[in-house]
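J.: predicted model, plus sequence, below.
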Amino acid sequence: MNNTPTTSPITTSGLLTDKVAFITGAGRGIGAAAARLFAREGARVLLAARTEAQLKAVTEEIRTAGGTADYAVCDLADPAAVRAAVDRAVELYGRLDVAFNNGATGQPPGPMDQLSEADFDHVYAVDLKGPWLAMTAEVAAIRATAKRGAIVNTSSVGSLMANPELPAYGAAKRAVNSLTASAAVTYGPEGIRVNAVAPGTTLTELLHEWEERQPGTVEQLNARTPLRRSADPDEVAQAAAWLLSDRSSYVTGAILQVDGGMCA
């Protein structure tokens with residue numbers, strides 16, 4: 001099956017001009033696609049992830065293309081590292097306007113009774129506590145500098161339905177939906193919008209690893225998707241960019257499905 005997206009090249013339009021953007025999970029997949037896109041759309045970006053080699057490669061790519069980027073090595077399970085990464089964005093660029101909390105970890109696919117307690121704890125430390133730590137630091141930075149801003153969290157289509165192959169991951173992402181809604185209500189009066197994107201089958205490294213473990217997974221997922229294909233990471237990044245931009249100025253508390261119709 002051909003999984004190549006049938007999208008046409010999108011001309012940049014300055015969607016995030018003059019914004020300072022902080023992005024977690026920016027070394028690969030959706031996060032790296034977002035870093036490239038946000039920079040093309042005019043943002044100064046601070047990339048954060050665990051693997052310095054990946055961060056350095058994406059940062060250099062953005063700079064070569066004429067964008068403004070830097071990075072901070074950051075483990076989302078480390079509260080001090082998360083705060084330091086957000087502080088680094090303010091230190092470099094003078095403020096924080098928008099943040100994309102995309103970083104996450106997966107779990108070994110399979111029934112919940114076959115998942116080890118250690119794996120369960122790790123999923124929650126990164127996929128739930130990580131976004132909570134990041135949002136807390138980001139709200140403080142936006143308040144202290146830009147005063148108004150926007151945050152987008154990466155959820156998952158798996159948070160919106162039963163997820164028997166990735167039960168801990170799906171449950172953590174459903175909790176992220178709740179955090180997103182609560183933050184939207186809490187910080188909306190201050191002019192800080194909080195939304196989430198819920199990607200469907202997306203051609204990231206995590207998906208490729210799942211396919212290697214269970215060949216045929218991508219084909220099965222595409223068969224459940226009305227568009228009959230997987231998303232390119234850039235397609236999810238485009239949705240996040242819109243939610244972070246002033247063009248979505250009256251949107252907050254939303255969980256935007258970017259799933260090819262899987263949940264329709």
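T.: Nice, thanks for sending it over. Numbers count the residues shown, from 1 in each chain.

J.: from now on I want contacts and neighbour counts done on CA atoms only, so please keep to that.
T.: Fine.

J.: tell me which element residue 197 falls in.
T.: Using DSSP states H and E, residue 197 sits within strand 192-199.

J.: need the next SSE after that strand, C-terminal direction.
T.: Next along from strand 192-199, by DSSP H and E: helix 205-213.

J.: quick one: contacts of that following helix?
T.: Outside helix 205-213, the residues that touch it by CA atoms under 8 Å, 6 or more residues apart in numbering are 28-29, 106, 109, 201, 217-218.

J.: again, 10 Å this time
T.: 28-30, 104-109, 201-202, 214-219 (CA atoms under 10 Å, 6 or more residues apart in numbering).

J.: what ranges do the helices span in the stretch 1-150 of the chain?
T.: 29-40, 52-64, 79-93, 117-127, 129-144 (DSSP state H, counting those that start in this stretch).

J.: please identify the most buried of the ones you listed.
T.: helix 29-40 (a mean of 26; mean count of other CA atoms under 10 Å).

J.: other SSEs contacting it?
T.: Judged by 3 or more CA pairs under 10 Å, 6 or more residues apart in numbering; DSSP states H and E, the packing partners of helix 29-40 are strand 20-24, strand 44-49, helix 52-64, strand 68-73, strand 98-101, helix 205-213, helix 233-244.

J.: retrieve the pLDDT associated with residue 3.
T.: Note for residue 3: predicted pLDDT of 50.

J.: so where's this protein shaky on pLDDT?
T.: 1-12 (pLDDT under 70).

J.: okay, which residue is most central for the chain?
T.: Nearest to the mean C-alpha position of the chain, by CA atoms, centre = their mean, lies residue 102 at 2.2 Å.

J.: who are the contact partners of it?
T.: With contact set as CA under 10 Å, 6+ apart, residue 102 has these partners: 23-26, 29-32, 34, 48-49, 127, 130-131, 152-155, 196-197, 237, 240.

J.: now with 6 Å?
T.: 24-25, 31, 154 (CA atoms under 6 Å, 6 or more residues apart in numbering).

J.: could you point out the longest helix of this protein?
T.: Determined from DSSP state H, the single longest helix within the chain is helix 167-187.

J.: next, the angle from it to strand 192-199.
T.: On the basis of axes from the mean of the first three to the mean of the last three CA atoms, to 10 degrees, helix 167-187 is oriented at 160 degrees to strand 192-199.
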